[in-house]
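**Q** coordinates only, sequence not included:
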């Protein structure tokens, strides 16, 4: 059997090649593949977990950022050939949910290896607007990072450290500012919505509206813990993902 080519985009922290299903994880705005290391470790070896590494961060810091959601989705779609054969599901948090959706659209349109389900975490539906439409300078963006709670406060107060984190967040936030889809744009895979009731960036209603973008329905799971509830409720998150994947047809 021909082995898939290696890709700078794909990380497989805890390989489980005998697993019946691959789970590809899409990071949030400003995020990197390593964010999903704990999830990968928790789900292996039952599931083979892969995480995407976007250009311009960590070991790819010298590479230019990809500036739009569409271009990022196009590149990811091509790079997924590096994920070994077999059924695949997508998990995306925040901006990652949008990218998972857009990559799924492309794979379905091309009759490619489309995911059997996608998890849309911590994200409004593509048809729901938020305050990212408003122009924000770097000071505003730091306030957004502080509000979301996913960045160590010591980083936000340290100019040198902040300069290593802010460019990726700035790029990704601007990509999201330019992104919107009507409810006429959808996919055929079910969407598992995961959201926090106290997320400052989305309401449960705006997150649940993901189901307006799929013909296959889905479920909604609510948590507490803010935008990065995954860090506050790790076992509950793992349980939802594992239970959902186990219930998929063989």
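**A** All right, it came through fine. All figures in this text were calculated on a predicted structure; none of them were measured in a lab.

**Q** which residue packs closest to residue 43, ignoring adjacent ones?
**A** Among residues not flanking residue 43 along the chain, residue 49 sits closest, at 5.3 Å (C-beta to C-beta, 6 or more residues apart in numbering). Placement of C-beta: from N, CA and C, glycine included.

**Q** helix/strand/coil for that neighbour?
**A** Of the three states, residue 49 takes strand according to DSSP: H, G, I helix; E, B strand; the rest coil.

**Q** What is the least confident helix or strand in this protein?
**A** Lowest by mean pLDDT, DSSP states H and E among the helices and strands of the chain is helix 153-156, with a mean of 64.

**Q** shaky segments in the chain?
**A** Counting by pLDDT under 70, the chain shows low-confidence ranges at 1-5, 130-135, 150-158, 161, 250.

**Q** and residue 65, helix, strand or coil?
**A** Following three-state DSSP, the label given to residue 65 is coil.

**Q** wait, residue 217 sits on residue 190?
**A** Yes - assessed by C-beta atoms under 8 Å, residue 217 is found in contact with residue 190 at 5.8 Å.

**Q** So which of those two has more stuff around it?
**A** Between residue 217 and residue 190, residue 190 has the larger neighbour count (other C-beta atoms under 10 Å), namely 20 against 8.

**Q** Would you check how far apart that one and residue 72 are?
**A** Distance from residue 190 to residue 72, counting by C-beta to C-beta, to the nearest Å: 23 Å.

**Q** again, but for residue 35
**A** According to C-beta to C-beta, residue 35 stands 17 Å off from residue 72.

**Q** Repeat that for residue 37.
**A** 22 Å.

**Q** of residue 35 and residue 72, who's got more company?
**A** Set side by side, residue 35 and residue 72 show more neighbours around residue 72, with 23 against 19, by other C-beta under 10 Å.
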